[in-house]
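Asks: here you go, sequence then predicted model.
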Amino acid sequence: MALILIWISLAFLLYVHVGYPLILLAWRRLAARPVRKSFWEPPVSILIAARNEKDRIEAKIVNCLQLDYPPEKLQVVVALDAPSDGTDILARKYAGKIVNVLSFSQHKGKAGTLNGAAASAKGDILVFADVRQKFDRRALRELVANFHDPSIGAVSGELMLMDESGREAADGVGLYWRYEKWIRAQEAQIHSMMGATGSIYAIRRELFTPIPPDTILDDVAIPMNIVLRGMRAVFDGSARAYDQVSASPKLEYGRKVRTLAGNYQILARMPALLSPLHNPVWLQFISHKVGRLLVPYFLVLLFVANLFALHGIYLWLFCLQGTWYMMAWAGSLLSLRTPVPDAPRMVAAGREVRRP
């Protein structure tokens, strides 16, 4: 029985991390569905939900105003979630024909604040943006061009994680993010990606439905709801936003935990995603989202089963697992002892993680 469990665990882990990407690659080559992209200029509303962001809010508003898009067709909705640090005062300096500032007196959480922003939007296309990341000047045009294809309901741009030298990050976080973006791009060329990049994504306004105020991952719930309604959610790497890679393993761990909790919440609240009768991208969703949620359990199963088969190649497998976990444990200890020079950025990123 131990050997059977070992091989089941190995097969599952290999499928999620190797088999599924290979299936996507072959599937895309056989049945790609290219987006009929064409540049046009519909009215657009950029939605920014923020709380205590006095150090960033002005730069974000200025970044939106400098985008390559006709000002008469642009609306920037800055929705503030009961700020207590003067963010609202700074934001109102830019209020006018383009910038609309909504300041809620009671805490709503990010999802509730986005609902309020969407209710005030006038554009045909809603663009969701975070305060921390900056848009490339042509990002808006590139996003909007995808909606010329009537089958497209949502579009995600590409978040570029940069290191301190201004180059794309090549550390563990940066490499994982590049892998994740590649997976999303393959999925989108077949039908739809399994969620969007929260810092830069857009949808048709008529497809927006308010989400529960305690929603953790709006960038998964909103696009997947659109997919369930028969529209596609695609990825466009030419629409870019830029951010610096996290300087703190603790903060990165916090983001991963938040994402994990958000994915479980999605499964509980959107059970139709688990049904091949209702979800047009059921195989992709099970392989990508559900598969990754199950990976920790299969890792534990593999380790425990291996304890009962310590002979031959299985002994080597056990030693390999033990070495891997010891290295991970040692790395976590080193990260706790290593000082991080950019303290302000750590504090700012921490606020982003703790925001509901």
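Replies: Nice, I can see it. Residues are numbered from 1 along each chain as shown.

Asks: only C-alpha atoms from now on, for both contacts and neighbour counts.
Replies: Fine.

Asks: residue 293 and residue 260 touch, don't they?
Replies: Yes - the pair residue 293 and residue 260 passes the contact test of CA atoms under 8 Å, sitting 7.4 Å apart.

Asks: for stretch 301-313, C-alpha coordinates in CSV please.
Replies: Taking Å, rounded to 0.1, in the frame of the first residue of the first chain, the C-alpha atoms of stretch 301-313 are listed here in CSV:
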residue,chain,number,x,y,z
LEU,A,301,1.2,11.8,1.8
LEU,A,302,4.4,11.2,-0.1
PHE,A,303,6.6,11.8,2.9
VAL,A,304,4.5,9.7,5.3
ALA,A,305,4.1,6.8,2.8
ASN,A,306,7.8,6.9,2.2
LEU,A,307,8.5,6.3,5.9
PHE,A,308,7.1,2.8,5.3
ALA,A,309,9.3,2.1,2.3
LEU,A,310,12.9,2.9,3.2
HIS,A,311,14.7,0.6,0.7
GLY,A,312,16.2,0.8,-2.7
ILE,A,313,15.2,3.9,-4.8
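
Asks: and that stretch, which residues are buried?
Replies: Applying a neighbour-count criterion of 16 or more other CA atoms under 10 Å, the buried positions in stretch 301-313 are 301-303, 305-306, 309.

Asks: okay, the residues you listed in JSON lines with pLDDT next?
Replies: Written out in JSON lines, the entries for those read as follows (pLDDT from 0 to 100):
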{"residue": "301", "pLDDT": "97"}
{"residue": "302", "pLDDT": "97"}
{"residue": "303", "pLDDT": "96"}
{"residue": "305", "pLDDT": "96"}
{"residue": "306", "pLDDT": "96"}
{"residue": "309", "pLDDT": "94"}
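
Asks: need these in JSON lines with secondary structure and distance to residue 158, can you?
Replies: Formatted as JSON lines, the buried residues of stretch 301-313 follow (DSSP: H, G, I helix; E, B strand; the rest coil; distance: CA to CA, whole Å):
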{"residue": "301", "secondary structure": "helix", "distance to residue 158": "35"}
{"residue": "302", "secondary structure": "helix", "distance to residue 158": "35"}
{"residue": "303", "secondary structure": "helix", "distance to residue 158": "36"}
{"residue": "305", "secondary structure": "helix", "distance to residue 158": "40"}
{"residue": "306", "secondary structure": "helix", "distance to residue 158": "40"}
{"residue": "309", "secondary structure": "coil", "distance to residue 158": "45"}
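
Asks: so which strand or helix has residue 297?
Replies: Taking DSSP states H and E as the definition, one finds residue 297 inside helix 291-306.

Asks: oh, I was asking about residue 223
Replies: In the assignment (DSSP H and E), residue 223 maps to helix 218-228.

Asks: also residue 101?
Replies: In this structure, residue 101 is located in strand 99-104 according to DSSP H and E.

Asks: show me what counts as buried in that strand.
Replies: Buried residues in strand 99-104, defined by neighbour count with 16+ other CA under 10 Å: 99-104.

Asks: that strand: what's the following helix or strand?
Replies: The first helix or strand that comes after strand 99-104 along the chain, using DSSP H and E, is helix 109-120.

Asks: so what's the closest residue in space to residue 201 that isn't next to it in sequence bridging to?
Replies: In space, not counting the residues next to it along the chain, residue 201 is nearest to residue 156; the distance is 4.2 Å by CA to CA, 6 or more residues apart in numbering. In this structure, residue 156 has the following beta-bridge partners (DSSP bridges): residue 201, residue 235.
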